[in-house]
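**Student:** I'd like to go over a predicted model; first the sequence, then the structure.
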Amino acid sequence: MEAGEASRTALGAAAQRAAHQVLDRGFIFPDPLAVRILGAESGELIARAAADPSSRKLRLFIAVRTRFSEDALIAALSDGVRQIVVLGAGLDTFAYRVAVPEHVRIFEADHPATQEWKRKRLAEVAIPAPPALTFAPVDFEREALGSGLEYAGFDPGQRTFFSWLGVVPYLAKPAFLETLRYIANLPAGGEVVFDYANPLSGSAQAARDADHDALALRVASVGEPFKSYFETETLLATLIGLGMSDIEDLGPVQIRARFFPNYRGTPGNNIGGHIVRAASDRGC
């Protein structure tokens with residue numbers, strides 16, 4: 001993203017979430033605020049998605065990763081999670097539509113420019129921030145996540161769930177690993193859901209297609225190129241090495257089986273990349 005400007009890919013992801021409500025009737029993930037938060041741009045952005053059939057795969061993947069993350073989050077709340085952190089929140093609407101228990105705090109961590117843009121948009125469309133929510137401006141590439149969160153009042157001694165969607169591919173690997181290490185080493189334990197893609201070469205090469213290449217060109221053209229890809233086995237070994245003992249990885253085949261059981265198509269038409277849920281057992 002350009003210095004001082006809000007993330008264009010955050011807007012793109014929000015547009016796909018809204019388009020899922022209109023074009024797919026939210027059958028994977030219903031979000032009553034997805035269209036509203038786009039404000040006056042909603043009609044144009046949804047029309048653009050409707051005019052591009054190739055965007056449906058990305059749209060469904062975004063819906064699936066949101067559904068997967070929030071299902072895991074609801075389960076984590078019943079298991080004692082007391083803090084929720086939405087990393088790279090963009091125009092995510094969780095905090096504004098889901099009532100959490102009174103003792104639970106929600107932190108939205110995002111680049112300062114993107115967060116300022118979101119707060120202005122919320123005000124424009126009259127979506128109020130709930131009392132449980134705290135905004136934490138953090139530039140993941142230039143500052144430590146822990147510092148930004150703790151400055152905002154985050155308590156590292158409370159078990160925490162991290163939703164980290166649509167961010168990892170845009171981070172350099174050192175920043176990604178530093179954030180994972182912070183989550184894994186929280187004294188009371190942490191749980192995280194994030195998505196990633198396999199590299200262009202190697203074991204997943206046969207499953208890649210022109211849609212991904214076109215997406216990579218689009219995000220690079222707005223100054224937010226993909227920076228990180230991961231071989232699945234290597235990434236899982238990294239998670240285990242960091243102390244994560246409860247790990248679930250859904251690749252395209254598993255996503256299709258769980259969320260699209262009646263889908264008929266070739267492997268090359270599978271939906272999306274990978275979604276991971278990982279938790280450390282510290283404090284349990």
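**Tutor:** Received it, and whenever you're ready, just let me know what you need. As the structure is a prediction and not an experimental result, all values here were calculated from the model.

**Student:** contacting residues for residue 100?
**Tutor:** Shown in contact with residue 100 (Cβ atoms under 8 Å, 6 or more residues apart in numbering): 77, 84, 106, 132. For every residue, glycine as well, the C-beta is placed using N, CA and C.

**Student:** so which helix or strand takes in residue 30?
**Tutor:** Under DSSP states H and E, no helix or strand contains residue 30.

**Student:** so who does it touch?
**Tutor:** Residue 30 neighbours (Cβ under 8 Å, 6+ apart): residue 21.

**Student:** what about it? Give its phi and psi, please.
**Tutor:** Backbone torsions of residue 30, given as degrees, to the nearest 10, read phi -80, psi 130.

**Student:** same check, this time on residue 250
**Tutor:** Dihedral angles phi and psi of residue 250 (degrees, to the nearest 10) take the values phi -110, psi 110.

**Student:** and residue 243, by the same measure?
**Tutor:** Main-chain torsions, residue 243, degrees, to the nearest 10: phi 100, psi 10.

**Student:** count the residues that sit near it.
**Tutor:** Using other Cβ atoms under 10 Å, residue 243 has 17 neighbouring residues.

**Student:** and the gap between it and residue 150?
**Tutor:** Distance, residue 243 to residue 150, by Cβ to Cβ, to the nearest Å: 20 Å.

**Student:** ok, now which ones touch the most centrally placed residue in the chain?
**Tutor:** Of all residues in the chain, the one closest to the mean position by Cα atoms, centre = their mean is residue 165, 1.0 Å from it. Taking Cβ under 8 Å, 6+ apart, we find residue 165 in contact with 62, 65-66, 69, 88, 92, 193-195.

**Student:** now do the contacts for the nearest residue to residue 230 once chain neighbours are set aside.
**Tutor:** Of all residues not flanking residue 230 in the chain, residue 196 sits nearest, at 5.1 Å (Cβ to Cβ, 6 or more residues apart in numbering). Contacts for residue 196 (Cβ under 8 Å, 6+ apart) come out as 168-169, 228-230, 235, 273-274, 276.

**Student:** if you set the cut-off to 10 Å instead, what comes out?
**Tutor:** 167-169, 176, 228-230, 232, 235, 249, 273-276 (Cβ atoms under 10 Å, 6 or more residues apart in numbering).

**Student:** sort those residues by pLDDT and name the bottom one.
**Tutor:** Lowest pLDDT of the contacts of residue 196: residue 228, 83.

**Student:** any idea how far that one lies from residue 32?
**Tutor:** In terms of Cβ to Cβ, residue 228 sits 33 Å off from residue 32.

**Student:** neighbour count for the two, which is higher?
**Tutor:** Neighbours of residue 228 and residue 32, each counted by other Cβ under 10 Å, are more numerous for residue 228; the result is 17 against 11.

**Student:** good, wrapping up.
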